[in-house]
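Enquirer: below: sequence and its predicted model.
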Amino acid sequence: MGNVRLETKVGVPTADIPSMFDWKSDYAVNIGSIDAQHQNLFAIGRELHAAMCAGQGKAIIGRILDRLVQYTTMHFAHEEHLMQLHRYPDFAEHKAQHDALVKQVEAFQSDFNAGRSTMAVPVLKFLKHWLEKHIKVSDLAYAPFLKAQKVA
Ligand SMILES: [Fe+2]
Ligand SMILES: [Fe+2]
């Protein structure tokens, strides 16, 4: 039985970094729309990692990167809307973190599109660590406030 499980892993190029973009229960902020969006962000991260490890071309990786940027922007706008609507006191600081990440990812995206950089493990690691830290510190910080405002 154990061999069968092992065989399914043969040829999977991501096996060397198995935990990258894995969802963990301690990322949950327990607000449905936010957790769903965070999970989708991690899923796009996994797609990007898989495409990179499979040696996919620039066009395919570029399209996943586009989706990551679009989805991140949409997700940040959703959080910012909720925070503003309910007058979250740390809104400005939170938005500054979002803006800084978008700026960095867009700069990488334009370098990638112009052929000045390639998708590589350090880029994915940066993204993963940023997401993990931002969710576990900053997003989890607004969660009790929004939940007290009956945001579900
Ligand atoms: Fe978030
Ligand atoms: Fe956030």
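Expert: Cool, the structure landed. Ligands and ions are numbered 1, 2, ... in the order given.

Enquirer: which parts of the helix or strand hosting Pro144 are buried?
Expert: In this structure, Pro144 sits in helix 140-148 according to DSSP states H and E. Neighbour counts using 16 or more other C-beta atoms under 10 Å place Tyr142, Ala143, Phe145, Leu146 of helix 140-148 among the buried residues. (Each C-beta comes from the backbone N, C-alpha and C, glycine too.)

Enquirer: I'd like these as CSV, with distance to Ser33 and pLDDT appended.
Expert: Putting the buried residues of helix 140-148 into CSV (distance: C-beta to C-beta, whole Å; pLDDT from 0 to 100) gives the following:
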residue, distance to Ser33, pLDDT
Tyr142, 13, 97
Ala143, 12, 96
Phe145, 16, 96
Leu146, 10, 96
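
Enquirer: what's the most distant pair in the residues you listed?
Expert: The largest distance within the buried residues of helix 140-148, taken as C-beta to C-beta, falls between Ala143 and Phe145 and amounts to 7.2 Å.

Enquirer: so what's the residue nearest the centre of the chain up against?
Expert: Centroid check for the chain by C-alpha atoms, centre = their mean gives Leu41 as the closest residue, at 3.9 Å. Neighbour list for Leu41: Leu68, Tyr71, Thr72, His75, Leu131 [criterion: C-beta atoms under 8 Å, 6 or more residues apart in numbering].

Enquirer: same thing but 10 Å
Expert: Contacts here follow C-beta atoms under 10 Å, 6 or more residues apart in numbering; on that basis Leu41 touches Phe21, Trp23, Leu68, Tyr71, Thr72, His75, Leu127, Leu131, Ile135.

Enquirer: kindly report the same for Lys24.
Expert: Contacts for Lys24 (C-beta under 10 Å, 6+ apart) come out as Phe42, Glu132, Ile135, Lys136.

Enquirer: out of these, which end up buried?
Expert: Phe42, Ile135.
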